[in-house]
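Colleague: I need the structure of the sequence given here:
(one chain, ligands or ions: 1)
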Amino acid sequence: MTQVNLLAISPTEFVKWLKSCNIHRFHLALDQKNGQVMASHKELQSLADFINNDKRDFMGHEGLFFQVSEKHETLQGAFVHRTCRGQAAGGVRYWSYDTMEDYLRDGMRLAKGMTRKNALAGLWWGGGKGVMAHNPDQVKTDPALREDIYQDYGRLLSDLRGCYVTAEDVGTHVVDMANVFATSRFTTCIPAALGGSGNPSAPTARGVVAGMEAALEFAGMGTLEGKTVAVQGMGNVGSPLIGFLFEKGVSKVVAADINESLADNLRAALDGLLTEDQELETRIVAVGNHDILAEECDIVAPCATGAILNPATIPTIKARIVCGASNNQLEDAARDDAALFAAGIVYVPDFLTNRMGIVNCANEAYGYVNNDEFIERHLERDWQHSVFRTTLQVLETSRTGGLAPARTAMNLADDFSLQPHPIFGHRGVRIIESLLEDRWFENA
Ligand code: NAD
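Modeller: Residues are numbered from 1 along each chain as shown. Now for the predicted structure:
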């Protein structure tokens, strides 16, 4: 029989191949003794070998767990990166992938990113990510399909015994989280009606404001008062951000979006709230237009899409500071971080400022109080892990060490991520050991 190159085929072809081998669930897990990733099934060892040899996205991930959904032939994965600080936490993405290599790389990359985001935020969570590969034979928006696959995803999480706790992410909505919750307790970001924490966009915007304030202080530019800010995107985060900026006394906001109605809504929401010295200018742009990044202003705030900081846009930036909510703003993390640094632009890494989404839902299980200190302290100046303090620490270390800020933040996060949970220690890795001992994948 010819050997199939499992990395080169699509997730949908891979699912068919798994079925032909009668495999419903499998894992690729790190053997803590010899440091090698081992596959649960010998047929899958080529994937483990690929990960063992990978230098780009693999970083000692503790365990990757997969299943084919009961219905709709969807590949579902739970990528557990590091659980020293607690259970691996991060959202579940529902996305399309051309090859299994793309799928595995995205899961490993995103899981590692969550370890860093959670550690920098001082949360007692490890890092992980869920990834479901969209099967192009299925209609993604069909509510019945979504109910089935998200409930099935919950069953996977229940059988993983809590080494990974999921949340909302790209392609996944709050109603999907209710379906995960129907079959597993190992989720956050459930609807408010079921005891969840609700929409995190306004807290996310407040985190961005805190990042801006730290960057201004670092750059010796004072406060937000009287500043001009260019905001890309007037969506869930961009709109409240603009409101908060005016409250802080900025004199002008120039905001762009591709959707005219959002600009109209924002103008209506701010009607009568601006002082005589404040101005909001809105622009409607074409999809893919990034002219707003080149605006003459003090701060540029990307709050639309990712990969917008790249060799085409960076040389056009006139602002001294870039600080926004968008995930993965750097098209190429190393190259573009270094380019901004070399250009003397103060870049506040996105995973530092946009943490409030995960912070908002991280402690759902502990109940709710008004002005919750476990949320508010992230937005204060003094708490050691607050957005403000961490941003200042990263920017100052970056200046002293001559290393660009995103790299500096990652190094700091990697140190924090190794701290053991004060009560449970490195329990996640023990959960994984137990799963392997009990051959969890046979429980299907
Ligand atoms: P959103 O979809 O509500 O808003 C994004 C807006 O950007 C949309 O209105 C869209 O029309 C606009 N847009 C797209 N392309 C544009 C362009 N070229 N120029 C100008 N505008 C453009 O999303 P959101 O929830 O506001 O999130 C914004 C970013 O922040 C995303 O990258 C998201 O992943 C990230 N983020 C959001 C949260 C949160 O709590 N919502 C948390 C963490 C990170």
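Colleague: low-scoring stretches of the stretch 1-150 of the chain, by residue?
Modeller: 1-2 (pLDDT under 70).
Colleague: what residues of stretch 251-260 count as buried?
Modeller: 251, 252, 253, 254, 255, 256, 257 (16 or more other C-beta atoms under 10 Å). From N, CA and C alone the C-beta is placed, and that goes for glycine too.
Colleague: can you put the residues you listed in a markdown table and add secondary structure and pLDDT?
Modeller: As requested, these are exported to a markdown table (DSSP: H, G, I helix; E, B strand; the rest coil; pLDDT from 0 to 100):
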| residue | secondary structure | pLDDT |
| --- | --- | --- |
| 251 | coil | 98 |
| 252 | strand | 98 |
| 253 | strand | 98 |
| 254 | strand | 98 |
| 255 | strand | 98 |
| 256 | strand | 98 |
| 257 | strand | 97 |
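Colleague: of the residues you listed, list those near the ligand.
Modeller: 256, 257 (C-beta under 6 Å from any ligand atom).
Colleague: now render the buried residues of stretch 251-260 as TSV, adding distance to residue 80.
Modeller: As requested, the buried residues of stretch 251-260 are exported to TSV (distance: C-beta to C-beta, whole Å):
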residue	distance to residue 80
251	47
252	46
253	41
254	42
255	39
256	39
257	37
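Colleague: so is the residue in the chain positioned nearest to the ligand in a helix, a strand, or just coil?
Modeller: Closest approach between the chain and the ligand, counting by C-beta to the nearest ligand atom: residue 235, at 1.9 Å. Three-state call for residue 235 (DSSP: H, G, I helix; E, B strand; the rest coil): coil.
Colleague: CA atoms only: put stretch 92-104 into PDB for me.
Modeller: What follows is stretch 92-104, C-alpha atoms only, in PDB (Å, rounded to 0.1, in the frame of the first residue of the first chain):
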ATOM      1  CA  VAL A  92     -12.300  27.300  19.600                       C
ATOM      2  CA  ARG A  93     -11.800  28.400  16.000                       C
ATOM      3  CA  TYR A  94     -14.000  27.100  13.200                       C
ATOM      4  CA  TRP A  95     -12.000  27.700  10.100                       C
ATOM      5  CA  SER A  96     -11.100  26.400   6.600                       C
ATOM      6  CA  TYR A  97      -7.700  24.800   6.000                       C
ATOM      7  CA  ASP A  98      -6.200  23.500   2.700                       C
ATOM      8  CA  THR A  99      -3.900  21.000   4.300                       C
ATOM      9  CA  MET A 100      -3.300  19.100   7.500                       C
ATOM     10  CA  GLU A 101       0.000  20.800   7.900                       C
ATOM     11  CA  ASP A 102      -1.800  24.200   7.900                       C
ATOM     12  CA  TYR A 103      -4.400  22.900  10.300                       C
ATOM     13  CA  LEU A 104      -1.800  21.500  12.800                       C
END
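Colleague: and the residue positioned nearest the centre of the chain, how far is that from residue 172?
Modeller: Closest to where the C-alpha atoms of the chain average out (C-alpha atoms, centre = their mean) is residue 114, at 6.0 Å. Separation of residue 114 from residue 172 (C-beta to C-beta, to the nearest Å) stands at 14 Å.
Colleague: what does the stretch 251-400 of the chain have sitting close to the ligand?
Modeller: 256-259, 262, 285, 288-290, 303-306, 325-327, 354, 357.
Colleague: now list the buried members of those.
Modeller: Listed as buried from these are 256, 257, 262, 290, 303, 304, 325, 326, 327, 354, 357; burial here means 16+ other C-beta under 10 Å.
Colleague: residues contacting the residue nearest to the last one when sequence neighbours are not counted?
Modeller: Leaving aside its sequence neighbours, residue 357 sits nearest to residue 200 (C-beta to C-beta, 6 or more residues apart in numbering; 4.3 Å). Residue 200 makes contact with 356, 357, 359, 360, 361 under the criterion C-beta atoms under 8 Å, 6 or more residues apart in numbering.
Colleague: same question for residue 368.
Modeller: residue 197.
Colleague: looking at it now. What's its pLDDT?
Modeller: Note for residue 368: predicted pLDDT of 95.
Colleague: just the helices in the stretch 151-300 of the chain please.
Modeller: Ranges of helices in the stretch 151-300 of the chain, per DSSP state H, counting those that start in this stretch, are 174-183, 201-218, 238-247, 260-270.
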